[in-house]
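Undergrad: Predicted model, plus sequence, below.
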Amino acid sequence: MPVFDKIQEHQDSFSKSELKIAQFILDQPQEVLEMTAQQLATASGSSSAAVIRLCKRIKVYGFPQLKIELSADLSGGVLSSRTRPEVQKNEELGSIKERLLANAQNSLTETVKELDDNQVSEVGNFISQSSRLIVFGSGSSNLAAKNIAQKWGQVGINVIVFETLIDLLPVLANANNKDLLWVVSNSGESPEAIHAAQVAKKKQVPLITMTKKGNNTISEVSDVEIHTSQPIEIPGRIDAIDPLLMQFMAIDIIFYDFVSRNYESSISKLEQSVLFMNEYKKHFRNRFNK
């Protein structure tokens, strides 16, 4: 596994010092090859002890071994397309475009690879067998939750979406195992998402979770866990790749798989949805043209 992927896989367990080292490795891998552990620690504003801890955490046995693996990754072009996420002072617009495009392509590619075919199919099976799909996402995750509701609503699924626990809990309190709860939470650790998942398990409501890659609380109790790729999150730095981008990609893949497996009924209902939307637009267009 490339060094970048090892870092990404274990990033949730990094300390702040280890995060600084990890980001320096990703930003300037070529320079790291010429450094000692102490030099890397100084350059990243950390300590040599943190460098050693990072190596152990990503299961690389010592800093010399890390440099060997990093060198192999660079030789094979594994890290060549990785670019820094933070904006530079007075940076050229062309450079910003190029970097953001490269980061987006990498993250989307990793999200697609991360999606397990069996889990994607399992989501479709749960939705097909449920009498009602309940979707929950707070904050920015609610945009992904609304995307889910909009898509499956088009194909005739009984779906409702919530942004706050105050609105969700009364519905969950009266839900049963014929319902289905889909929780979207990038971290998988927000108190609202955790509580929603816990109530669902208590009521024996099947649970789908969508979170970033890595271990988290709500994924551990879900019936089907969907993971998206995420860049290394450094406190105080700009996160250039919006988690919504990866969430929307994953949702699209799951939805298209669902439509493909339920083709005749889905296409018929999609066409009906389009017909009603066109009639709505025509009505208001004629109204304002009078």
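TA: Everything's here; your move.
Undergrad: which residues of the stretch 101-250 of the chain fall in helices?
TA: When secondary structure is read from DSSP state H, counting those that start in this stretch, the stretch 101-250 of the chain shows helices at 117-129, 141-154, 165-173, 191-202, 217-220, 243-261.
Undergrad: what's the closest of the ones you listed to residue 8?
TA: Checking these against residue 8 by Cβ to Cβ gives helix 243-261 as the closest, at 12.5 Å. (Each C-beta comes from the backbone N, C-alpha and C, glycine too.)
Undergrad: got the angle for the very next helix or strand once past that closest one vs helix 141-154?
TA: Per DSSP states H and E, the first helix or strand lying C-terminal to helix 243-261 is helix 263-289. Here the directions of helix 263-289 and helix 141-154 differ by 110 degrees (axes from the mean of the first three to the mean of the last three Cα atoms, to 10 degrees).
Undergrad: List the buried residues of helix 263-289.
TA: By neighbour count with 16 or more other Cβ atoms under 10 Å, helix 263-289 contains the buried residues 266, 269.
Undergrad: re the thing from before, could I get the helices of the stretch 101-250 of the chain in TSV, plus columns for mean pLDDT, mean neighbour count and distance to residue 6?
TA: Shown next, in TSV, are the helices of the stretch 101-250 of the chain (pLDDT from 0 to 100; neighbours: other Cβ atoms under 10 Å; distance: least, Cβ to Cβ, whole Å):
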stretch	mean pLDDT	mean neighbour count	distance to residue 6
helix 117-129	96	15	23
helix 141-154	95	20	27
helix 165-173	96	15	36
helix 191-202	96	18	27
helix 217-220	94	19	20
helix 243-261	94	19	20
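Undergrad: Dump those into TSV; add distance to residue 269 as well.
TA: Formatted as TSV, those follow (distance: least, Cβ to Cβ, whole Å):
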stretch	distance to residue 269
helix 117-129	13
helix 141-154	7
helix 165-173	24
helix 191-202	27
helix 217-220	30
helix 243-261	10
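Undergrad: I'd like to know which of the ones you listed lies nearest to residue 5.
TA: helix 243-261 (15.5 Å).
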